[in-house]
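Novice: need a structure here:
(one chain, ligands or ions: 1)
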Amino acid sequence: MKLAILCEYAAPYSKIVSAKGFYHLYIDAFAGPGSHISRTSGEIVSGSPLNALGIEPPFREYHFIDADLTRVEQLRSLAGDRPDVHVHPGDCNDILLREVLPRARYGDFRRALCVLDPYNIDLDWQVVATAGHMGSVEIFVNFMVMDMNMNVLLSDPRRRTHRRLPA
Ligand SMILES: C[S@@+](CC[C@H](N)C(=O)[O-])C[C@H]1O[C@@H](n2cnc3c(N)ncnc32)[C@H](O)[C@@H]1O
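Specialist: Numbering: from 1, shown residues only. The predicted structure follows:
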């Protein structure tokens with residue numbers, strides 16, 4: 001479902017933004033391997049990076065980031081020798097702030113669509129805040145509501161204890 005929503009958004013985004021003459025980037029910060037095998041059918045299912053590479057018109061640059069080196073290798077083979085695809089190994093929080101988001105500055109007439117799809121709450125707020133302040137980056141954040149409830153609403157990081165829910 002999340003992948004379908006993302007495709008439905010990314011394709012018109014690319015069309016509209018490129019028609020306005022912007023240089024636009026697709027950023028997938030918790031990229032995964034690019035594709036995976038379906039548990040139910042055994043078929044190969046596209047992940048968000050592979051879907052993004054099929055979008056028409058294409059983005060000018062693609063940035064795929066993953067902390068898992070096996071997945072990074074899979075992303076590299078997906079990219080082949082395409083010069084517009086950049087695969088970054090490591091912690092996306094750091095790589096986004098240092099290397100990738102600076103490539104999407106508003107004043108440089110650039111725009112970016114940034115997908116943030118962590119398994120857990122591995123996303124630093126600083127990334128979201130920076131992207132928001134840039135005015136040139138649209139973000140898609142996928143998170144589990146249960147995880148948020150457990151880790152954000154119920155726990156107080158200042159005390160590292162769990163709060164009680166009101167009766
Ligand atoms: C939910 S999967 C991504 C699935 C992908 N969006 C898709 O639809 O095919 C999350 C990925 O984030 C990676 N990951 C976890 N923490 C990370 C971090 N701090 N920086 C970069 N990648 C990370 C994991 O290795 C995993 O491949």
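Novice: what sits against L75?
Specialist: 31, 33-34, 49, 64, 66, 87 (CB atoms under 8 Å, 6 or more residues apart in numbering). The way it works is simple: take the backbone N, C-alpha and C, and place the C-beta from them, glycine included.
Novice: Quick one: name the residues of this structure near the ligand.
Specialist: By CB under 6 Å from any ligand atom, the residues of the chain that approach the ligand are 3, 30-32, 47-48, 65-68, 71, 91-93, 117-119, 122.
Novice: Which parts of the chain are strands?
Specialist: Secondary structure of the chain (DSSP state E): strands at 23-28, 35-37, 44-46, 61-66, 85-89, 110-116, 137-141, 155-156, 161-162.
Novice: Reformat those strands as TSV; add distance to A104, mean neighbour count and mean pLDDT.
Specialist: Formatted as TSV, the strands of the chain follow (distance: least, CB to CB, whole Å; neighbours: other CB atoms under 10 Å; pLDDT from 0 to 100):
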stretch	distance to A104	mean neighbour count	mean pLDDT
strand 23-28	5	24	98
strand 35-37	26	13	86
strand 44-46	24	13	89
strand 61-66	9	25	98
strand 85-89	13	19	98
strand 110-116	4	23	98
strand 137-141	6	17	96
strand 155-156	33	12	60
strand 161-162	38	10	50
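Novice: Figure out which of the ones you listed is closest to E99.
Specialist: Closest to E99 of the strands of the chain, according to CB to CB: strand 85-89, at 6.9 Å.
Novice: got the contact list for the longest helix seen in the chain?
Specialist: If you go by DSSP state H, the chain has its longest helix at helix 2-19. With contacts defined as CB under 8 Å, 6+ apart, helix 2-19 is touched by 24, 26, 46-48, 51-52, 55-60, 111, 113, 115, 117, 138, 140, 142.
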